[in-house]
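[1] Please find the sequence and the predicted model below.
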Amino acid sequence: MASANAAAMALHGAYRGKPAVLTIDGSEFCAHLKDQLWVQLPVKLVLDATLHGNALTVSMLAPPSRRMSYQRIISREQWGGRHKQKIMQTLRLFSMNLEVAAPDAEAFVDALLKAAYPRTTPHRRVIVLCNPQSGQGHGKHMLDIVVKPVLKRAGCAMTVIETDGPAHAYRVSQTLKVTDYDVLACVGGDGTVHEVVNGLASRSDVEQAMQLPLAPIPCGSGNGLYISLHGAENGFVHYLACLNVIKGTPHVHELMTITQDVHDMDANAWPYTLRGQAADGREYAQYYSFMSQAIGIMADLDIGTEPWRFIGDLRFILGFLVYAIRNRPCHADVDVLFGERGTVSLHEMRRGSDAASRSKEEQRPMPVSPHSLRYGSVLDPITLATTPYDPAMPDAELLRNEWMRLPMPLSFVYTGKVPYVARSLMAFPYTHPHDGLIDVVAQDQRVTLFNKIAATSHGESGRHIYDQGVHYMKVQALRITPRNKLARHRYISIDGEKAPYAPFQAELSELYMTLLSLDDEEWHAPSLRPPMLDVPAAH
Ligand SMILES: Nc1ncnc2c1ncn2[C@@H]1O[C@H](COP(=O)(O)OP(=O)(O)OP(=O)(O)O)[C@@H](O)[C@H]1O
């Protein structure tokens, strides 16, 4: 019989003929079997409760039962303590079936779902786009053994599409009926998310399409977006990623928009359809990037080590070592535009990042002209400031509305909008999902080989930004012009995908994508303790 008071509610029933009691007490769900504690969990791990006549099924994510014990327990102390992340990694799908008295059970199911979904609605309509080949077939495997069973148990209405090759996810996102779904889940790597974002962004109903919440389920080798959302320590916990699809709340994730000469685009490899005209009538292609752009070592290792995918994300560390030892300079002109809010002060950046971990911007109006470019396209001429960028310049001396060239020889330039680009590299520790700025990290080519190699030891913690010869800044736009477009084995990577090795311009777009995350934090901002505050980024 169900008994209710303000804090607790209980339902009595039977499990395989033995008496069982289910309780909801505040934020905790418990099940007792013959007076013994059987299940104890934060109620937010309950996925669904369904009643068919007298048969009640409760589905949840729970730790596996220990050998010699049938108990699945996460106490309040464990959930609130420092081992929470470890516990989360053990979660698996678990369902219990009980015999209950129907009238009491209905009220209990109601209360359980309300407690399990305090901010969202259960039984979401989910379209799953899966790259079955991502992570060398890992995508298909995870789709079948984790994603489908968990979403099914959570009562989600699922439409599953397995992509058959490049651009398939792009085309599906261009044509799907966005009002038919509550979430678009991307099973694959960052490349799949990149296609989806660009498919949605190139639609005529772009304002509505970009409000369809996206959730990554990591099956590639980098998975920067997923790691940035859930923390590196959670690794690639697919059950957690599914929980985000089922219960995550939306937030604004700003995009960067890229322009390249349309003649530089290979239509087969890069089939994106948005086009625009420069002031002199020449045509450019425009597309969006949610994570990063790179040239020099960082792009060479991202694209050049693709044949090493079988070693997982270790390829990024080994690749960096190999390319650092090769020590080839990045032959490109790099021009940045700081705008009103750009900064080179690590102190300012850190403040912004701290604020990001406290404030989650759930929604904002979509721009009226979504693809408009504030700083023109890559085909428009720019006027360079007569004073080049100097790493010793404080914020007050930056020329804010003129393009400044980085004068030093560089080994790489990496720009981005998420902290992690892979588990082993927190490239942009002070990034912020909605600060209207692009983070830029550039490494001086003159740094000693020893220092370059040593940087691999702390890329994971983000401390490379304090290394000698590393310039970290926030800008509103940048232009990168490779000096020799025909150079062999040189790459530009956009969101980890190979882009044409040709000039590109990136600016912070007013268009944003809607991402789901589980906490009130958009991502797990690092608690970096800098050696010194408010020093120029180079030192
Ligand atoms: N069925 C498929 N076969 C081969 N390639 C595909 C298929 N479906 C999609 N692709 C292409 O694979 C590219 C990379 O996909 P994705 O990023 O999802 O996986 P990954 O490359 O293994 O992961 P990561 O980028 O994190 O290393 C996508 O941009 C897409 O063009």
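    Nice, thanks for sending it over. Source: prediction; values computed, not measured. Numbers count the residues shown, from 1 in each chain.
[2] Please make it C-alpha for all contacts and neighbour counts, starting now.
    OK.
[3] how much space between whichever residue of the stretch 401-539 of the chain sits closest to the ligand and L478?
    Closest contact between the stretch 401-539 of the chain and the ligand, by C-alpha to the nearest ligand atom, is at G496 (5.8 Å). G496 sits at a distance of 18 Å from L478 (criterion: C-alpha to C-alpha, to the nearest Å).
[4] which residue packs closest to I382, ignoring adjacent ones?
    Leaving aside its chain neighbours, I382 sits nearest to W403 (7.2 Å; criterion: C-alpha to C-alpha, 6 or more residues apart in numbering).
[5] Do I have it right that the one you found meets T386?
    No - if you go by C-alpha atoms under 8 Å, W403 and T386 don't touch, sitting 9.3 Å apart.
[6] higher neighbour count, the two?
    The neighbour count for W403 versus T386, taken as other C-alpha atoms under 10 Å, is higher for W403 (24 against 11).
[7] How about the contacts made by the more buried one?
    D335, V336, L337, F338, I382, T383, L384, A385 (C-alpha atoms under 8 Å, 6 or more residues apart in numbering).
[8] Strands - which of the residues you listed land there?
    The members of the contacts of W403 that map onto strands under DSSP state E are D335, V336, L337.
[9] Of those residues, which is the nearest to M210?
    Nearest to M210 among these: L337, at 26.7 Å, using C-alpha to C-alpha.
[10] And the closest one, how far from the ligand?
    Distance of L337 to the ligand, given as C-alpha to the nearest ligand atom, to the nearest Å: 29 Å.
[11] so R125 touches M158, yeah?
    Yes - judged on C-alpha under 8 Å, R125 makes contact with M158 at a distance of 6.1 Å.
[12] Need the pLDDT of A477.
    On the pLDDT scale, A477 is placed at 97.
[13] which non-adjacent residue is nearest it?
    E507 (4.1 Å).
[14] secondary structure class for the most centrally placed residue in the chain?
    For the chain, the residue sitting closest to the mean C-alpha position, by C-alpha atoms, centre = their mean, is L225 at 2.0 Å. Using DSSP: H, G, I helix; E, B strand; the rest coil, the structure places L225 in helix.
[15] Run through the residues that contact it.
    D190, P216, M291, V418, Y420, V421.
[16] pretty sure the fifth one is in a helix, no?
    Looking back up the chat, that one is Y420. No - under the criterion used here (three-state DSSP), Y420 is coil, not part of a helix.
[17] Now do the phi/psi pair for it.
    Backbone torsions of Y420, given as degrees, to the nearest 10, read phi -100, psi 140.
[18] Kindly report the same for the first one.
    The phi and psi values for D190, taken as degrees, to the nearest 10, are phi -70, psi -20.
[19] Please look at it and I227 and confirm they touch.
    No - D190 lies out of contact with I227 (C-alpha under 8 Å); the separation is 10.8 Å.
[20] Going along the chain, name the helices of the stretch 201-350 of the chain.
    206-209, 224-230, 238-247, 297-304, 314-326, 346-358 (DSSP state H, counting those that start in this stretch).
[21] Tell me the buried residues in the third one?
    Using 16 or more other C-alpha atoms under 10 Å as the burial criterion, the residues of helix 238-247 that qualify are H238, Y239, L240, A241, C242, L243, N244, V245, I246, K247.
[22] Could I get the pLDDT score of the residue of the chain most remote from its centre?
    The centre of the chain is farthest from one residue, G17, which by C-alpha atoms, centre = their mean lies 46.4 Å away. As predicted, G17 sits at a pLDDT of 91.
[23] and it, how far is that from E99?
    Separation of G17 from E99 (C-alpha to C-alpha) stands at 8 Å.
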